[in-house]
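**Student:** Fold the following for me, if possible:
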Amino acid sequence: MYVVCKEHLEIAIDRFVDEYEEAPDLYALVEVSFKAWEPPHECEEKGCKHEALFLVL
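**Tutor:** Coordinates of the predicted model:
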């Protein structure tokens, strides 16, 4: 699972495919919510301070 900004979306998709050998599901964070999980506010890509917009799962 990756939580990323628009700039790092393609990188997260590539990593997911490399790791799991299948296409991920993509969700806009504004459209999903989970009871037991609060998404990070910033992109999880190292050194990135942009707003997290996508969940790659």
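
**Student:** Could you use CA atoms for every contact and neighbour count after this?
**Tutor:** Noted.

**Student:** Phi and psi next, for the residue at the greatest distance from the centre of the chain.
**Tutor:** Centroid-distance maximum for the chain: residue 35 at 17.9 Å, with CA atoms, centre = their mean. Main-chain torsions, residue 35, degrees, to the nearest 10: phi -70, psi -40.

**Student:** Need the per-residue pLDDT for it.
**Tutor:** The model reports residue 35 with a pLDDT of 89.

**Student:** give the contact list for it.
**Tutor:** Applying CA atoms under 8 Å, 6 or more residues apart in numbering to residue 35 gives no contacts.

**Student:** Quick check: it vs residue 45, distance?
**Tutor:** Residue 35 sits 24 Å away from residue 45, going by CA to CA, to the nearest Å.

**Student:** ok, now residue 5?
**Tutor:** Distance from residue 5 to residue 45, by CA to CA: 8 Å.

**Student:** Could you check which of the two is surrounded by more residues?
**Tutor:** More neighbours surround residue 5 than the other of residue 5 and residue 45, with 22 against 18 (other CA atoms under 10 Å).

**Student:** if I read this right, that one contacts residue 55, doesn't it?
**Tutor:** No - checked against CA atoms under 8 Å, the pair residue 5 and residue 55 is beyond contact range at 9.1 Å.

**Student:** Please name the bridge partners of the spatially closest residue to residue 26 that is not a sequence neighbour.
**Tutor:** Residue nearest to residue 26 in three dimensions, not counting chain neighbours: residue 56, with 4.8 Å by CA to CA, 6 or more residues apart in numbering. With DSSP bridges as the criterion, residue 56 is bridged to residue 2, residue 26.

**Student:** check contacts around residue 56.
**Tutor:** 1-4, 12-13, 16, 24-27.

**Student:** which of the residues you listed count as buried?
**Tutor:** With burial judged by 16 or more other CA atoms under 10 Å, the buried subset of those is 2-4, 12-13, 16, 24.

**Student:** Save the contacts of residue 56 as JSON lines, and put in pLDDT and distance to residue 41 too.
**Tutor:** Formatted as JSON lines, the contacts of residue 56 follow (pLDDT from 0 to 100; distance: CA to CA, whole Å):
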{"residue": "1", "pLDDT": "92", "distance to residue 41": "15"}
{"residue": "2", "pLDDT": "96", "distance to residue 41": "13"}
{"residue": "3", "pLDDT": "97", "distance to residue 41": "9"}
{"residue": "4", "pLDDT": "98", "distance to residue 41": "9"}
{"residue": "12", "pLDDT": "97", "distance to residue 41": "17"}
{"residue": "13", "pLDDT": "98", "distance to residue 41": "19"}
{"residue": "16", "pLDDT": "98", "distance to residue 41": "21"}
{"residue": "24", "pLDDT": "98", "distance to residue 41": "21"}
{"residue": "25", "pLDDT": "97", "distance to residue 41": "20"}
{"residue": "26", "pLDDT": "97", "distance to residue 41": "17"}
{"residue": "27", "pLDDT": "96", "distance to residue 41": "15"}
